[in-house]
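Undergrad: structure of the sequence below:
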Amino acid sequence: MTYLEFVGEDKSRGVTDSDKFWEVTQAGEKLTIVFGKIGTKGQTTEKLFESHQEAAIEMEKLVKSKIKKGYKEGKK
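TA: Residues are numbered from 1 along each chain as shown. From the prediction side, this is the model:
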């Protein structure tokens with residue numbers, strides 16, 4: 001599981017005071033992604049892949065993308 005938070009100005013969305021989280025968990029061929037405003041339950045989406053390896057590769061890509069956007073490791 002990877003849990004990331006973004007707090008501060010979100011220039012891409014034109015928001016000056018953002019506080020959101022993003023979490024991804026892998027279970028076999030499935031990725032479960034939970035995201036939303038910090039302090040809320042958030043929204044959940046699931047993605048299915050043909051193999052455990054494909055899911056792991058996609059998870060790594062998603063985490064790198066969020067970090068590039070300014071997300072940092074947080075505590076749940």
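
Undergrad: quick check, central residue of this structure?
TA: Of all residues in the chain, the one closest to the mean position by C-alpha atoms, centre = their mean is residue 22, 3.3 Å from it.

Undergrad: surely that residue and residue 37 touch.
TA: No: Residue 22 is beyond contact range of residue 37, at 11.2 Å (criterion: C-beta atoms under 8 Å). From N, CA and C alone the C-beta is placed, and that goes for glycine too.

Undergrad: all helices of this protein, in order?
TA: Assigned helices in the chain, in chain order: 52-68 (criterion: DSSP state H).

Undergrad: any regions of it where pLDDT drops low?
TA: Residues of the chain that meet the criterion pLDDT under 70 lie in 10-15.

Undergrad: make it 80
TA: For the chain, the stretches flagged by pLDDT under 80 are 9-17, 76.

Undergrad: regarding it, what is its longest strand?
TA: strand 15-27 (DSSP state E).

Undergrad: what's the angle between that strand and helix 52-68?
TA: Strand 15-27 runs at 160 degrees relative to helix 52-68, counting by axes from the mean of the first three to the mean of the last three C-alpha atoms, to 10 degrees.

Undergrad: packing partners of strand 15-27?
TA: Using 3 or more C-beta pairs under 8 Å, 6 or more residues apart in numbering; DSSP states H and E as the contact test, the elements touching strand 15-27 are strand 2-10, strand 30-37, helix 52-68.

Undergrad: contacting residues for the closest residue to residue 55 other than its chain neighbours?
TA: Once flanking residues are discounted, residue 55 sits nearest to residue 49: 4.2 Å by C-beta to C-beta, 6 or more residues apart in numbering. For residue 49, the contacting residues are 29, 30, 31, 55, 58, taking C-beta atoms under 8 Å, 6 or more residues apart in numbering as the criterion.

Undergrad: any idea how far residue 4 is from residue 49?
TA: According to C-beta to C-beta, to the nearest Å, residue 49 stands 21 Å off from residue 4.
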